[in-house]
Structures are given as C-alpha cells and as structure tokens.
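>>> The following block contains a protein sequence and its predicted model.
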Amino acid sequence: MARDRPVREAENRLERFNTDRERLLNEVERRVVARRVNEAKAGGDHSLENVLNDVAFNEIRRLEASKAKHGALDHWKDLSRRLLAMTDEEKQAELRSLVRHYGGDVVGNFDPRVYKFATGIGPSLLGFVFNPITSLRQGMDTLRNLDARITADGELDLVRACAERGTIVVTPTHSSNMDSPAIGLGLLRAHLPPVTYGAGKNLFSNPFISFFMRNLGAYRVDRRLRFELYKDVLKEYSTVLLEHGYHSLFFPGGTRCRSNIVEKHLKLGLLGTTVTAYKNSVREGAPNKRIYIVPVTINYRLVLEAETLIADYLAETGKSRFIITDDEFSRIGRILEFFRKILVHEGSVVVRFGRPLDVFGNDITDDGESIDRAGRIVDPASFVRGADGEVTDDDQRDSEYTRALGRRLAAAYPRLTVFHSTNLAARALYDLIAKAVGTRDVYRLLRAPAAQLGVRITDAIEELVRLRSRIAAHPEWGAEHPSYTGQSADEKLADAVHGLGTYHTRPAVVRQGEMLQVEDLKLLYYYQNRTAHIPPEAA
Amino acid sequence: MTRRADTVGIIGAGTFGTALASVLARSGRRVILWSRDAAVVQSIQTSRRSPRLPVAPLPAPLEATSDPRRLAAEARFLVLAVSSTNVRDRSRELGDVLDGSHIVVHAVGALATPNNERVSEVMTQGLPTLKLGVLAGPALAADLVEGQFASMVVASAFDEVVAEARRLLNVPPALRLYGSHDLVGVELASALSGAYVIALGLCDGLGMTAGPRAVLITRAIAEAARLGAAAGAEARTFSGLAGLGNILVRSSSDRSADYLLGRRLADGVITADSVRTEGARAAIAGCDLAKQLRVRMPVLLGVAAVLSGKLDPKDAAQLVGDNVASEE
C-alpha cells in the first residue's frame, strides 16, 4: 500500500474549486449560449424561440403538476407569452439568463474544512453503520476492526498514478443507497483524492445532508427538468469540470440496479462528456491531459434495502407473473427497523478498483499510455482527428466511442466482483432448490411449496465446495472476499445463514435441525444474483 | 479536401482489390494499392496491370506499394480486400502503422478462421482504430472491370465510416454505394451467401427446375435472417444487397468459385480443395455459429454435410426439403 505516496496535486484540485467556481460557470454559460445561438441559425426546431418555449412549456407543466405557487408559474407563463414579440437580442439575453440560472442550480461547492471534518468523522460514522455496536467498548473495537469491515483493493497504485497524471472518472456499479458514502470511504481508504459527482436534487432536501454534499463537491441533478437546455447545461458543466482536471464519479448503470445482477447494460449518460472533454483538450493543444475511466465494484455482504429493491425488480420484470402477497411496512416501522438492523448486525463492504481505461475504452500501460487490443501504444488524440490531423466534431462518432467504452466497462465488472459468504451460500441454495423443482425461473420457484424450499445442510456444503472451486478456476467471474478465502465451507455457510437469517425484516434462511429452510426466496434470489454471470453447472 | 482525405488505400491486390482499384482509378480517384508481393507491385508500376487480374487497367493516379507506412501516411480511408485466412495477419501488420483516425472497411465475404468470428471482430483485435466497416454486395470483379452498373452496401456503427465510404467509393454509374448501420447483418449476410451459392450450384448441377430453386433461395434467406436476428442483426438486411443480392448474382455466374464448386459437387467431383472456397468455409463456420446461437439452419447444415462428404449430393435436396418445410 502506498500510504506514504501523497496525491497532493490531485487533492488540491477540489480545494481550489471555490476560486474556480465562477470561472467554471462562466465557461459553461459561454459555451452553451454560443452553441445554441449558432445552431439557431439553422432555424426550425433549433430556433431560439423553440429552445425557450421548450423550457417554458416544461417548467409550466412541472409546476402545475406539483401545485407550485403562482409566482413561479406566472414567470414562465409570462415568458411563453412574450416569446413571439421578442427580438433576437432579447431572446439571446433570456437564453443567457436561463443558462446562468440552471448553471447556478447545478454547480457544487467544496469546502476543505468540511472535507477534513467529514473524512475525520466519516469513517467512524460509516463504521457504526456497517458494524454491530451494542456498547461503547464494542463500538471502539469496531473502529479498530474497520480494516476487516471496509476494504478498498484492486489496482490502487495504478489508479493513484492516473489521478496524479491526469483526471480520473470513477465508474462504480450501483446497487444501494449506501453506494455514495461507500465509494467516498473507499476512495479515502485507497488514498485517492475526493471526486465530484452529480447527485439527485432530492438528496439535497435535507439541510444537514445537503450541507455536506454541497461542500464535498457534489453537484445537483434535478431529474424533473427534462428539457434539452437543462441537459445541455448539465453536460457542459461535467465537461468543463473534467477539462479543468476535477476527478469525477458517474454511476454508469444509472439508477440503482435493483436485481443485484452485475450490470451489463449501461446507460452511459454523462460518461459521454469524457470524450468531449478530452477532445476539447486536444483541440486546445493539450493532448496529454488524459482522462482515465476507472471501473469499480461495490460489494456488500448485506444490502440494507434488498427487500424493496428485489420486489421492485421482480414486479417490473415479471409484470403480471409476479403476485404481490405482502403489504408494505408502515413508514415508522420501516425506519426503526432500518436503524435496528444497521446497529445490531454485521455489514461488510469491499470496494474493488479495476485497471483504468482511456475514454475510448482502450487499456492503458502502467505509465498511463493508451494501448490497443494488440498491446501497442496508441495516441488517444488520433481518435478525434481527421485526415489532416485536425480535431473534428462528430457527435455520433463520440457517442459510438462512449458505447465502446461502456462495453469495456461492462466487461470489466464481472472480474472485479467480490463474492461474500451471503452471495455464495445463496447461489448454492438456489441451485439446489432449482434442481429439485426442475426450473431456474424465479417466478415459478416463488410458487413452489415450502417443502421444496428446504435443503439438507450436508448438500448445501457440498454444493458450496463445488461452487467455490469453480470460481477459483475462473478469475474472469470474480473472486471470493480476500479475507475469507481460508474459511471452510461449513464456516462460510454458517456465516451466510447468520447474516441472511437475522439482517432483514424477515429471515431469508433459517436453520431447522439438519436442514436449511428458505423463508424468503426473493431475498435468496437477490443475493445469489451477484453470481448470475456464472453459468449453471453442466449436468 | 486534401490529397490524403481524398485518397483510397486498398490492402490486397487480389481479384476484388484490383477490380475496385481499377474502377476507382479510372474515375480519377487517387488510389494506393498495397501488396506484400514486391513482384506484383513492380508489375503494376511498370505495366499498369496486376498479375492477379490482368484484364483490369490500373491507370495513374493509382500507385502501388509494399510499404505499409506509406499506405498509412497517404490514405486515411482503407479497404481491406484479402482472403478470410489472411485477415488476422494483415490486421496485425497494419495495426503497427495505423492510428485511431484511420477508417478501415473490409470486403471479405466470409467468417475469419480459425474461430469463425466476424471479420470486423478480428480487425478490432489487430487494429487500433474503432472506425471499422464492411463493404459487400453483388459486385463481381469482372463486372467492375467491365464497367457494368454495380452496387454495394457499406455498413458501420459509425456514420462517418458510411459517409466517407460513400464519398470516396461512389463512382456512378460503375459503382454505387448504399449505406447501412447493420454491421453484423451485412457481414453475416455476405459471408453466408457464399455457402448458399454452393447450394444453388448443386441444385443447378442436379438439373433441378426453377421451382425448387426458388424455394431454396427463399428458405436460405429466411434461415440466415433467423441467425442474424439471434446475433443482433436486422432480419431485413438478409434480403438486401449483401444477402439476396449476393446470392442472385453469384448463383447465375460461372465466374463464382462457390457456384462452380456446387456444380462440381453435383457431378460427384469432391477433392481436398473442395473446402477451400470462402463459401465452403462460411458453410462450416455458419453451422458452428448456428449451433452456438441455437438457430435451426437446415439448408446450411445440408451444404456442410455435402462438403464434408457425409451426405450424398443427390440425397441433399430431399433431406433439406424434408427439414425446411415448416411454418412460413
């Protein structure tokens, strides 16, 4: 571990954010307005009148739906009315003011004092979240045990080198509400600099959380604003941040992956701004201002909101095949339950960093140089150049590059997956039940009688042993938690049954004599889904 | 546009590469024709003819070279026109001199050996650029040389590749270029068409009439489209230029090696060379792919069985016919 290898330059980047803030906003405003004014020359859908009308129309619809106060609504109605009579200069002025308004809404802040405070206290807070504390003494032990509980591993030296040489974009899998704090802590433990990231505006509604988020480099993304101009501002802000060397974080899977399956289809979204930012740097004569995309997996032993996530997933995927048989918990009960669980039961998370890629999805050498599939060094700037070395603009090409990057990221995730005892035991039990019932279809298994959901412990152990040896032979599928590879199958199973049986509102699995009885097949399915990319054993 | 932007580099001075170079050069397009064989290069420079297709004139401004660096430096747009067995080696070789700005479209109507991958997949492993495409369709080398109205389709995920191919290779009326985004579909359609042309040669050699011939063609297109859909392609691509177009032109020409192979098989002439045509290789490769993707392909299986000697050509029609007849 290169604990003594500081990344001062990188860390200083977010520290200078506050002085940069106005400059960044001006840049966003200048670019978006210039582009829109230029595009408006083509007329039709691109005319400024249309752009402004799109904003007004969407804002009116949103405010009417949310039963907002009349003042705000009147402002947009007034704009909509005035549009026809406005001169070109007035439209440009209105556009400028709107871009500035939305830019100001999006932009984040970074307060080094808050960062220092949060990184000092954060691990302890998160330590409590992930660990059992029943007394102060145990709490202190917990803090000392943090190393075993929250781990960051993988290609840390290389990622650190990339963060020193260029700008890193951390792209983790996304499965839980805990992902943002977990990755924040993962970066800290890996001695990597803090990153800026877009967070849903709803997370800013709590003043306490909002204060921390704003001052730790998060910027606001308002998912209710669906018009093009807002997306433009958001993308441009992300692009400008990257060009200025601010390390960033995107969840390429979009929203939380509800099934717990290692993500295969990525939404990309803001990831596309990495190609744009790099292209702009090449055009500015700085082809060595590299951007590195870092695949990361966040792997939980137990996922707090697993029950809700998997219920959502099954209802969405299976549509009418899934019959909801249980009521939602009352709100208060749910919240109390949540705290009880995180305080009493063991959690553990591994944040695993993979080898970074360049923005075109190329691998890189240990020195951060891009290499092609045959291992030859290739100049990344050439990917955005035309026949005579000039930098060319081509949005379709750039989104194709981003899709290629997305495919490489999706291909990198399985190898980076870390299996906890819960995932392995759930898979072993699921396989045995599927074999007994004669189908792997979760909807059919959900209707299986309880008698078919019991597994002999000896069988489960045997299955687990086989699964572990198959995984050991296929590093491309991922690996067991590094701290527990020495665990025997009995210990692993017992550990998983303990976690799965006590963490959630309803036990997923309980031991009954020599049998393990699956009480909640949905949860079992959720935990085994982490291994879904591992094919069933050939008969 | 500059000289480099307006130059087409062609890799491989075989039959198709030479014919394409000829039709482009005759329309005034600057062409750099690359061949590994110094004697071929020498011959082109001195006699303006390639020994591989001497009927095709190769006038200036065409230039020949065996220097890959020169090719990469003087042309950004390249056409890879080599046999499927050479795709891997040529890609690796070229990869040493190309960069991310180059555009490479291949004109290989087959799947690559030994793993039956699509040619663009093999190119991805050897070339640094991601801007790849495929050129396919019913343009026989002889037609190009004779100046017949030929048409081809270029497919790529990149708009830029399609646009550049159409800008540089479209020389009407001798050659017209269509565009498509279905890279997988055009590659598979083009590769499989060779296998079906063998089947049609066999069918004609056995003296079958127009009716069964029409059934064979429609069933071939249907099963190829099924395979395509399973591989992520668009089904309609198979009834386009690269699929149906290729089958029709090659199965009515005595100039097609695949068609002649089919006719020889009908005559009972099977030699070790039988499986050396691109169509024969595509039949074997296509069957592997069909097995992998679990797609039923009775026509292709029949061709492969005849080629490997497991099925008597005379029994093939009956057997294939029995297997294809199901829901339309």
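Looks like it came in fine.
>>> Give me every residue in chain A lying close to chain B.
By Cβ under 8 Å from any Cβ of the partner chain, the part of chain A that sits against chain B consists of A:360-361, A:372-374, A:376, A:378-389, A:394, A:396-397, A:400-401, A:403-404. The way it works is simple: take the backbone N, C-alpha and C, and place the C-beta from them, glycine included.
>>> okay, the most far-flung residue of chain A relative to its centre: pLDDT?
For chain A, the residue at maximal distance from the C-alpha centroid (Cα atoms, centre = their mean) is residue A:85, at 45.4 Å. Listed pLDDT for residue A:85 reads 88.
>>> try residue A:70
67.
>>> State the phi and psi torsions of residue B:48.
Note on residue B:48: its backbone torsions stand at phi 60, psi 30 [degrees, to the nearest 10].
>>> what's the pLDDT at residue B:144?
Reading off the confidence values, residue B:144 has pLDDT 91.
>>> How about the contacts made by it?
With contact set as Cβ atoms under 8 Å, 6 or more residues apart in numbering or on different chains, residue B:144 has these partners: B:19, B:20, B:22, B:23, B:56, B:150, B:174, B:175.
>>> Mind doing that once more with 10 Å?
Remark: with contacts taken as Cβ atoms under 10 Å, 6 or more residues apart in numbering or on different chains, residue B:144 is in contact with B:15-16, B:18-24, B:26, B:53, B:56, B:150, B:152, B:171, B:174-175.
>>> same check, this time on residue A:197
Residue A:197 makes contact with A:108, A:169-170, A:180, A:183-184, A:213, A:216-219, A:221, A:238, A:241, A:247-251, A:270 under the criterion Cβ under 10 Å, 6+ apart.
>>> Check residue A:37 too.
Taking Cβ under 10 Å, 6+ apart as the criterion, residue A:37 is in contact with A:48, A:51, A:88, A:91, A:92, A:95, A:96.
>>> Produce a PyMOL select command limited to the buried residues of those.
In PyMOL syntax, the buried subset of these is picked out as below (16 or more other Cβ atoms under 10 Å in any protein chain shown):
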select buried, chain A and resi 48+51+91+92+95+96
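>>> What is the neighbour count of residue B:121?
Residue B:121 sits with 16 neighbouring residues when counted by other Cβ atoms under 10 Å in any protein chain shown.
>>> isn't residue A:260 right next to residue A:526, touching?
Yes - proximity of residue A:260 to residue A:526 meets the contact threshold set by Cβ atoms under 10 Å, at 5.0 Å.
>>> Name the spans of chain B whose pLDDT lies under the cut-off.
B:1, B:270-275, B:321, B:323-328 (pLDDT under 70).
>>> Which positions in it make contact with chain A?
The interface of chain B toward chain A, taken as Cβ under 10 Å from any Cβ of the partner chain, is made up of B:1-7, B:75-77, B:91-92, B:95-96, B:98-103, B:123-131, B:156-161, B:163-164, B:181.
>>> Sort out which of those are in strands and list them.
Restricting the residues of chain B next to chain A to those inside strands, with DSSP state E as the criterion, leaves B:7, B:77, B:103.
>>> what about the helices in the stretch 401-539 of chain A?
For the stretch 401-539 of chain A, applying DSSP state H, counting those that start in this stretch gives helices covering A:421-437, A:442-446, A:457-473, A:489-502, A:521-528.
>>> still on that earlier bit, looking at neighbours, which among the ones in strands among the residues of chain B next to chain A is most surrounded?
In terms of neighbours by other Cβ under 10 Å, those top out with residue B:103 at 26 neighbours.
>>> show me what contacts that one?
Taking Cβ under 10 Å, 6+ apart as the test, what residue B:103 contacts is A:387, B:9, B:75-79, B:129-133, B:156, B:158, B:160-165, B:168.
>>> how does it look with 6 Å?
Contacts were defined as Cβ atoms under 6 Å, 6 or more residues apart in numbering or on different chains; by that measure residue B:103 touches B:77, B:131, B:161, B:164.
>>> is it in a bridge, and if so with what?
Note on residue B:103: beta-bridge partners residue B:77, judged by DSSP bridges.
>>> Only the buried members of the residues of chain B next to chain A: can you turn that into a ChimeraX selection?
Of the residues of chain B next to chain A, the buried ones can be selected in ChimeraX as follows, counting by 16+ other Cβ under 10 Å:
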select /B:4,7,75,76,77,91,92,95,98,99,100,101,102,103,123,124,126,127,128,129,130,131,156,157,158,160,161,163,164,181
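>>> give me phi/psi at residue A:170?
With angles defined as degrees, to the nearest 10, residue A:170 shows backbone torsions of phi -90, psi 130.
>>> Okay, it and chain B: tell me how far apart.
Distance from residue A:170 to chain B, counting by Cβ to the nearest Cβ, to the nearest Å: 24 Å.
>>> That residue - how many residues pack around it?
25.
>>> now it, which residues is it bridged with?
With DSSP bridges applied, the residues forming beta bridges to residue A:170 are residue A:249, residue A:294.
>>> contacting residues around it?
Counting by Cβ under 6 Å, 6+ apart, residue A:170 makes contact with A:195, A:249, A:294, A:296.
>>> All the strands of the chain, in order from the start?
No chain specified, so I'll use chain A. With DSSP E, the ranges of strands along chain A come out as A:150-154, A:167-172, A:196-200, A:218-221, A:248-249, A:291-300, A:349-353, A:363-364, A:370-371, A:418-419, A:454-456, A:479-480, A:509-512, A:515-518.
>>> You answered for a different chain; I wanted chain B.
Assignment of strands within chain B using DSSP E yields the ranges B:7-11, B:30-34, B:63-65, B:77-80, B:103-106, B:132-136, B:150-155, B:175-180.
>>> Need the strands of chain A in JSON lines (columns: mean pLDDT and distance to residue B:192).
Shown next, in JSON lines, are the strands of chain A (pLDDT from 0 to 100; distance: least, Cβ to Cβ, whole Å):
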{"stretch": "strand A:150-154", "mean pLDDT": "87", "distance to residue B:192": "43"}
{"stretch": "strand A:167-172", "mean pLDDT": "94", "distance to residue B:192": "38"}
{"stretch": "strand A:196-200", "mean pLDDT": "77", "distance to residue B:192": "46"}
{"stretch": "strand A:218-221", "mean pLDDT": "78", "distance to residue B:192": "47"}
{"stretch": "strand A:248-249", "mean pLDDT": "90", "distance to residue B:192": "45"}
{"stretch": "strand A:291-300", "mean pLDDT": "94", "distance to residue B:192": "36"}
{"stretch": "strand A:349-353", "mean pLDDT": "92", "distance to residue B:192": "42"}
{"stretch": "strand A:363-364", "mean pLDDT": "97", "distance to residue B:192": "33"}
{"stretch": "strand A:370-371", "mean pLDDT": "96", "distance to residue B:192": "34"}
{"stretch": "strand A:418-419", "mean pLDDT": "95", "distance to residue B:192": "41"}
{"stretch": "strand A:454-456", "mean pLDDT": "94", "distance to residue B:192": "47"}
{"stretch": "strand A:479-480", "mean pLDDT": "94", "distance to residue B:192": "40"}
{"stretch": "strand A:509-512", "mean pLDDT": "91", "distance to residue B:192": "50"}
{"stretch": "strand A:515-518", "mean pLDDT": "93", "distance to residue B:192": "47"}
